[in-house]
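Engineer: need a structure here:
(one chain, ligands or ions: 2)
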Amino acid sequence: MPSSLDSGPDQTINYDAIVIGSGIGGLVTATQLAAKGANVLVLERYLIPGGSAGYFERSGYRFDVGASMIFGFGDRGTTNLLTRALAAVDQHLETFPDPVQIHYHLPQNLDLKVHRDYEKFLQELISLFPYERRGIRQFYDTCWQIFNSLNSMELLSLEELGYLARSFWQHPGSCFRLLQYLPRNVGDYARRYIKDPILLKFIDMECYCWSVVPAAQTPMINAGMVFSDRHYGGVNYPKGGVGQIALKLVEGLEASGSQIRYRSRVNKIVLEQGTAVGVQLATGETYRGQQIISNATRWDTFGHLVDEVPPAEAKWRQRYTKSPSFLSLHLGVKAEALPTNLDCHHILLNNWDEIAEPGATVFVSIPTLLDPSLAPPGHHIVHAFTPSWVKDWQVRSQTQYNAQKQAAAQKLISRLQQIIPNLDQHIHHMEVGTPRTHRRFLGRQDGTYGPIPSRQLWGLVGMPFNRTAIPGLYCVGDSTFPGQGLNAVAFSGFACAHRVAKDLKL
Ligand SMILES: NC(=O)c1ccc[n+]([C@@H]2O[C@H](COP(=O)([O-])OP(=O)(O)OC[C@H]3O[C@@H](n4cnc5c(N)ncnc54)[C@H](O)[C@@H]3O)[C@@H](O)[C@H]2O)c1
Ligand SMILES: CC(C)=CCC/C(C)=C/C=C/C(C)=C/C=C/C(C)=C/C=C/C=C(C)/C=C/C=C(C)/C=C/C=C(\C)CCC=C(C)C
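Structural biologist: Numbers count the residues shown, from 1 in each chain. Ligands and ions are numbered 1, 2, ... in the order given. Reported below is the predicted structural model:
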């Protein structure tokens with residue numbers, strides 16, 4: 001644990017910036033500002049950094065709290081935001097390239113893999129839908145246009161006019177293309193190029209498995225990133241687990257002279273004449289900062305950390321709603337259970353009509369196939385999760401809660417036997433996380449995975465940037481543009497730090 005736990009920050013300092021929460025969004029903001037010379041204080045309510053990208057250790061296993069499919073670790077272009085965020089504070093993480101992003105096991109025996117190699121993936125998909133050869137290429141090539149535009153320019157705050165003018169001047173083609181795709185959703189293009197109803201359902205699943213909404217509601221800009229970067233920078237797993245990303249960012253933050261403090265739950269943002277000027281912890285301690293940045297969700301920030309819900313936030317809440325949380329099963333299993341040539345990430349679904357039903361789509365990660373050091377010798381980690389609502393876990397007693405957890409775990413285990421046939425006989429360790437677990441440990445209202453459109457919206461146009469209606473208060477993380485995903489919240493962090501640095505005149 002870092003030394004800052006023992007020494008503690010100085011309550012008399014007026015920090016340049018205080019960041020509430022050490023999720024990847026918060027840490028990228030903090031390290032970017034620290035790298036520019038700001039004196040930053042990060043306050044984290046939990047024992048370790050990372051939030052949804054944290055980890056926990058049990059019986060010799062190191063489990064990732066959230067998904068293990070990581071984008072943003074490429075070694076070229078400008079969209080490799082995790083590589084860049086680490087490098088900004090002189091840090092680097094070794095990663096393992098994943099040759100297959102996802103192995104899909106879908107209804108009607110639709111079984112296919114998204115290979116790291118773009119052509120290999122297209123050929124596999126075209127072999128299943130040969131009459132859609134042209135449409136498949138047109139659709140995925142459209143995604144590349146977006147990706148290539150993003151990957152040609154520096155990615156900073158769209159709320160900073162100087163940056164916007166510079167970008168339009170230096171890369172007019174890329175910027176006008178991005179402007180054109182900003183209000184569009186994937187469904188618009190999928191339906192334009194593809195007619196086969198099953199292939200359209202497959203595109204829905206391609207979106208759902210990271211945006212938790214179907215193609216019609218998934219912003220095209222985000223799809224451009226995900227559907228292309230998996231073949232460009234690729235999906236790469238950090239050595240030592242996803243938790244290493246946050247630990248390394250903290251190392252860089254502290255080496256740059258800034259601080260993080262754990263077990264420090266902020267329960268109030270202090271306002272003076274309507275401007276955010278500091279924070280108060282649950283212990284009563286207060287800290288002053290010139291700029292305050294909340295990495296908590298917007299639902300946990302407005303109406304909680306600040307009493308008011310400004311009109312702009314109330315409007316946002318009409319357009320976006322909380323996505324479901326997840327039921328997560330973290331298993332330690334004996335190695336002999338795994339079939340040979342198993343891929344690291346899988347999606348299972350039995351019935352197309354149930355795609356968004358709790359328990360229906362099952363996400364599976366087996367990160368020890370890439371990094372065996374996460375489990376004791378001769379063992380693997382199998383992490384399975386499926387959408388689940390907190391309202392379905394309002395039980396009367398601990399006994400009832402435990403029984404519901406056991407029953408849900410057994411259901412997931414039997415689904416997993418589709419890819420690991422004798423799994424139930426090889427389980428060595430089991431942890432079950434519910435929406436209540438996510439709510440408690442991640443401090444996210446209802447344990448939500450993040451905001452999703454409550455109806456069909458204009459692509460990314462309605463997602464707020466980092467400034468808020470309250471002067472001196474910024475938001476960062478998945479309730480800001482462009483939404484969920486580590487690389488997405490890393491972008492939000494770069495953008496937030498850029499805007500804050502301008503406001504601090506750094
Ligand atoms: N494979 C992947 O792409 C992957 C894997 C893991 C996580 N993720 C993404 O990470 C995103 C979330 O990142 P994020 O940066 O927005 O946030 P986060 O929820 O991960 O982190 C927020 C942090 O703030 C802390 N916090 C909340 N309220 C606080 C308070 N009042 N006082 C002090 N600390 C407080 C929490 O403990 C947490 O550590 C999700 O969208 C998810 O998609 C993606
Ligand atoms: C004026 C104005 C406003 C404008 C102008 C124009 C322009 C310039 C524009 C620009 C724009 C930009 C820059 C944008 C950006 C964007 C970005 C960066 C984005 C990103 C994104 C990303 C993403 C979305 C990602 C995601 C991921 C995820 C979510 C993942 C997840 C995962 C999971 C969950 C998985 C699971 C699975 C299995 C296990 C299988």
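
Engineer: now the helices for the stretch 251-400 of the chain?
Structural biologist: 298-301, 311-319, 398-416 (DSSP state H, counting those that start in this stretch).

Engineer: for the protein, where's the lowest mean pLDDT among helices and strands?
Structural biologist: helix 4-7 (a mean of 50; mean pLDDT, DSSP states H and E).

Engineer: still on that earlier bit, for ligand 2, which of the helices of the stretch 251-400 of the chain is the nearest?
Structural biologist: helix 398-416 (12.3 Å; CB to the nearest ligand atom). C-beta coordinates here come from the backbone N, C-alpha and C atoms, glycine included.

Engineer: show me what that closest one is packed up against.
Structural biologist: Where contact means 3 or more CB pairs under 8 Å, 6 or more residues apart in numbering; DSSP states H and E, helix 398-416 is packed against strand 325-334, strand 362-365, strand 379-388, strand 427-433.

Engineer: now what about that helix, what contacts it?
Structural biologist: For helix 398-416, the surrounding residues in contact (CB atoms under 8 Å, 6 or more residues apart in numbering) are 327, 329, 331, 348, 359, 362, 364, 382, 384, 386, 388, 393, 395, 423-424, 427, 430, 432, 434, 436.

Engineer: are any of the residues you listed buried, and which?
Structural biologist: 327, 329, 331, 348, 362, 364, 382, 384, 386, 388, 393, 423, 427, 430, 432, 434, 436 (16 or more other CB atoms under 10 Å).

Engineer: near ligand 2, which of those show up?
Structural biologist: residue 364 (CB under 6 Å from any ligand atom).

Engineer: which residues touch residue 384?
Structural biologist: With CB under 8 Å, 6+ apart as the criterion, the residues that contact residue 384 are 328-329, 331, 362-365, 412, 415-416.

Engineer: how does it look with 7 Å?
Structural biologist: 329, 362-364, 412, 416 (CB atoms under 7 Å, 6 or more residues apart in numbering).

Engineer: how many neighbouring residues does the residue of the chain found nearest ligand 2 have?
Structural biologist: Distances between the chain and ligand 2 by CB to the nearest ligand atom are smallest at residue 485, namely 2.3 Å. Per other CB atoms under 10 Å, the neighbour tally for residue 485 reads 23.

Engineer: ok, it touching residue 210?
Structural biologist: Yes. Here residue 485 reaches residue 210: they are 6.3 Å apart, a contact under CB atoms under 7 Å.

Engineer: just to revisit the earlier point, got the helices of the stretch 251-400 of the chain as a markdown table, with distance to residue 168 and mean neighbour count columns?
Structural biologist: Listed next are the helices of the stretch 251-400 of the chain as a markdown table, based on distance: least, CB to CB, whole Å; neighbours: other CB atoms under 10 Å:
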| stretch | distance to residue 168 | mean neighbour count |
| --- | --- | --- |
| helix 298-301 | 29 | 22 |
| helix 311-319 | 26 | 14 |
| helix 398-416 | 49 | 15 |
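
Engineer: I'd like the helices and strands packed on helix 398-416 as CSV, with mean pLDDT and distance to ligand 1 appended.
Structural biologist: Formatted as CSV, these follow (pLDDT from 0 to 100; distance: least, CB to the nearest ligand atom, whole Å):
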stretch, mean pLDDT, distance to ligand 1
strand 325-334, 98, 11
strand 362-365, 98, 9
strand 379-388, 98, 11
strand 427-433, 98, 13
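
Engineer: get me the contact residues on the stretch 1-150 of the chain for ligand 2.
Structural biologist: Counting by CB under 6 Å from any ligand atom, the stretch 1-150 of the chain sits next to ligand 2 at 67, 69, 71, 102, 150.

Engineer: closest to residue 341 among the residues you listed?
Structural biologist: residue 102 (15.3 Å; CB to CB).

Engineer: partner strands of the helix or strand where that closest one lies, parallel or antiparallel?
Structural biologist: Here residue 102 sits within strand 100-106, counting by DSSP states H and E. Here strand 100-106 is paired, per DSSP bridges, with strand 110-115 (antiparallel), strand 345-348 (parallel).

Engineer: what angle sits between it and helix 398-416?
Structural biologist: Per axes from the mean of the first three to the mean of the last three CA atoms, to 10 degrees, the angle that strand 100-106 makes with helix 398-416 is 90 degrees.

Engineer: how about strand 100-106, does it reach ligand 1?
Structural biologist: No. Residues of strand 100-106 contacting ligand 1 under CB under 6 Å from any ligand atom: none, with a closest distance of 11.1 Å.

Engineer: how far off centre is that strand?
Structural biologist: 19 Å (CA atoms, centre = their mean, to the nearest Å).

Engineer: same question, stretch 393-413
Structural biologist: On CA atoms, centre = their mean, the centre of stretch 393-413 falls 27 Å from the chain's centre.

Engineer: so for that stretch, what's the average pLDDT?
Structural biologist: Stretch 393-413 shows a mean pLDDT of 96 in the predicted model.

Engineer: ok, now stretch 468-488?
Structural biologist: 98.

Engineer: what's the end-to-end length of it?
Structural biologist: 19 Å (CA to CA, to the nearest Å).

Engineer: so the closest residue to residue 232 other than its chain neighbours versus ligand 1, what's the distance?
Structural biologist: Nearest residue to residue 232 in three dimensions, chain neighbours excluded: residue 74, at 6.3 Å (CB to CB, 6 or more residues apart in numbering). Distance of residue 74 to ligand 1, computed by CB to the nearest ligand atom, to the nearest Å: 14 Å.

Engineer: now swap in residue 378 and tell me
Structural biologist: For residue 378 relative to ligand 1 (CB to the nearest ligand atom), the value is 27 Å.

Engineer: correct me if wrong, but residue 156 is in a helix.
Structural biologist: No. Checked against DSSP: H, G, I helix; E, B strand; the rest coil, residue 156 lies outside a helix; its state is coil.

Engineer: pLDDT at it, what is it?
Structural biologist: 98.

Engineer: can you pull the contacts of the nearest residue to it once chain neighbours are set aside?
Structural biologist: Distance criterion CB to CB, 6+ apart; nearest residue to residue 156, sequence neighbours excluded, is residue 498 at 4.3 Å. Residues in contact with residue 498 (CB under 7 Å, 6+ apart) are 156-157, 160, 163.
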